[in-house]
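Trainee: pasting the sequence and the predicted model now:
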Amino acid sequence: MAGVGTYANASASANNAAAGPVDLGLDREAALRVSQAAVGRQVGEHILLNREGQPISLAAYRGKPLLVSFIYTGCFQICPTTTRTLQETVQGLQRAVGPNQFNVVSIGFNQPADSPQALKSFATQYGIREANWEFLSPPAAIVPALAQDFGFMFQATPAGFDHVLQVSILDAQGRIVRQVYGEQPLPAELGEPLKMLLAGAPVQPDALVDQLVDRVRILCTVYDPKTGTYQVDYTLPLQIAGGVTFFIAMMVFFINEWRFSRRVRRQQAQQRPTPRQA
């Protein structure tokens, strides 16, 4: 039922027409090449339906970073697992960076089965109540173009679907800056690029940002593997403060020592007997 690595195979509903002819599954290497080729691409202004059946353009999410996952509601193991993992990460990040700093979208790719009502039921069943998280249902006609934009590949199989397990991270301009793979990606794999985007920095491993004072809350949050959450890390500012305090203390010590030595010399000079004249 579960696939290996970055794609999954799980049981689907009877309507698999959106994925095309039934095949033996995805070519993993080809799927990864397609996924990685999407990095740097600006996603189109596709119109989808939210859980209430109201149309919304993906362009409406520009202005903030966006996390995008693809699911199908007929999946009873892989998609719920990845969604719960994503939820834990989202909750941890919101505690660290504050509310309303980024958005999350899960797109149902199995049309017409993944209707707004089906996605609403999916979100309710798995307890997704975050205000910044929406589940969107695309018209069947745009699914191929939508999937292509995100570099998302899926294929109908006798057991359901093979599909890439990925979360796409988009910047505020709607460009894909990172693809994160796996059934249970580490929160840091999503959190670190997101924090860099919130700090206004390019998503690069060795990237640094300017205006550290204004962005210290973003830069000083780290993933704690013991608790599975993001927490504010006061280590760096405490180290800096400790170094400054040590320097000041040493300066005060040397100044006091210098003053004490001068006072001792003066006292010794005053106590020294005056030589008698013959």
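Mentor: Here it is on my side, so go on.

Trainee: distance check, Gln265 against Ile78.
Mentor: You called it Gln, but residue 265 is Arg. The spacing between Arg265 and Ile78, counted by Cβ to Cβ, to the nearest Å, is 81 Å. In short, each C-beta sits where N, CA and C put it, glycine included.

Trainee: of the two, give the one with the bigger neighbour count.
Mentor: Neighbour count, other Cβ atoms under 10 Å: between Arg265 and Ile78, Ile78 has more, with 23 against 10.

Trainee: kindly state the pLDDT recorded for that one?
Mentor: Note on Ile78: pLDDT of 79.

Trainee: that one touches Glu183, doesn't it?
Mentor: Yes. Using Cβ atoms under 8 Å, Ile78 makes contact with Glu183 at a distance of 6.2 Å.

Trainee: which SSE is Arg259 in?
Mentor: helix 235-271 (DSSP states H and E).

Trainee: do Ser168 as well
Mentor: strand 166-170.

Trainee: who does that strand touch, helix- and strand-wise?
Mentor: strand 66-71, strand 176-181, helix 187-198 (3 or more Cβ pairs under 8 Å, 6 or more residues apart in numbering; DSSP states H and E).

Trainee: which of those sits closest to Arg28?
Mentor: With Cβ to Cβ as the criterion, Arg28 lies closest to strand 176-181 of the helices and strands packed on strand 166-170, at 10.6 Å.

Trainee: can you give me the angle that closest one makes with helix 187-198?
Mentor: 170 degrees (axes from the mean of the first three to the mean of the last three Cα atoms, to 10 degrees).

Trainee: number the chain from 14, please
Mentor: Sure, I'll start numbering at 14, so the last one becomes strand 189-194.

Trainee: mind jotting down where the helices sit in the chain?
Mentor: 41-50, 91-110, 129-138, 156-163, 200-211, 225-232, 248-284 (DSSP state H).

Trainee: these: lowest mean pLDDT?
Mentor: Mean pLDDT across those is lowest at helix 225-232; the value there is a mean of 26.

Trainee: report how many residues lie close to Pro68.
Mentor: Using other Cβ under 10 Å: Pro68 sits among 11 other residues.

Trainee: identify the residue nearest it in space, chain neighbours excluded?
Mentor: Closest residue to Pro68 apart from its sequence neighbours, by Cβ to Cβ, 6 or more residues apart in numbering: Ile60 at 5.3 Å.

Trainee: hang on, the one you found packs against Gln67?
Mentor: No. Using Cβ under 8 Å, Ile60 is not in contact with Gln67, being 10.6 Å away.

Trainee: want to throw the helices and strands packed on strand 179-183 into JSON lines with mean neighbour count?
Mentor: Formatted as JSON lines, these follow (neighbours: other Cβ atoms under 10 Å):
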{"stretch": "strand 79-84", "mean neighbour count": "23"}
{"stretch": "strand 189-194", "mean neighbour count": "20"}
{"stretch": "helix 200-211", "mean neighbour count": "22"}
